[in-house]
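In: dropping a prediction and its sequence here:
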Amino acid sequence: MTHDRAERRLTLPDAAATEHLGRALAGRLQRGDFIALMGDLGAGKTTLARGLLRALGEAGPVPSPSFTLVQHYEITPVAVAHFDLYRLASAEESFELGLDEACHTGAALVEWPEILGDTMPKDRLEVHLLETSDGRAARLIGMGYWADRLDLLDLS
């Protein structure tokens, strides 16, 4: 079945649940993927990325890319670049960091992707992390080919 957009929601009571979501996403990650990680400071974007990268086999440190702006992970089956665009002034600066290249040679996890505006890929997964009275919640929006993959994602 082909959709243009699909949405799923789930509760994330703690950091372990956020990492579990990252592990679930890792099972569907492919070369060319763009995952937009959205949420306030401290919402769990890097925690989710850490779970995804660990599931792909990254054994070394997985720091937040806040200071370096991008962290590269040469892992199999797909190389991943983890971006933090919080301090950028324009979408053009993201391309200077190699965002386009990262999407062509591997996959990109992008924190604070809002700076990209209309230049964000049409095929993408948006993960909105929200604070709730029960911890956190995630709203996943699959667009383009991610809509069908989101329907198949095992979030149990």
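Out: It's in.

In: for the protein, which segments are assigned as helices?
Out: Under the criterion DSSP state H, the chain contains helices at 15-26, 45-55, 91-96, 99-105, 145-152.

In: which of those sits most buried?
Out: helix 45-55 (a mean of 24; mean count of other CB atoms under 10 Å). C-betas here are computed from N, CA, C, even on glycine.

In: now that one: mean pLDDT?
Out: For helix 45-55, the mean pLDDT works out to 94.

In: what's next to it, contact-wise?
Out: 15, 18-23, 25-27, 29, 35, 37-39, 62-65, 73, 75, 80, 82, 109, 111, 127, 129 (CB atoms under 8 Å, 6 or more residues apart in numbering).

In: and the angle for that helix with helix 15-26?
Out: 60 degrees (axes from the mean of the first three to the mean of the last three CA atoms, to 10 degrees).

In: Glu114 contacts Met38, doesn't it?
Out: Yes. The criterion here is CB atoms under 8 Å, and Glu114 meets it with Met38 at 7.1 Å.

In: okay, those two: which has more neighbours?
Out: Met38 (18 against 12; other CB atoms under 10 Å).

In: hang on, the earlier thing: looking at the helices of the chain, which is closest to Ala137?
Out: helix 15-26 (10.2 Å; CB to CB).

In: who does the closest one touch, helix- and strand-wise?
Out: Using 3 or more CB pairs under 8 Å, 6 or more residues apart in numbering; DSSP states H and E, the elements in contact with helix 15-26 are strand 5-12, helix 45-55, strand 124-132, strand 135-143.
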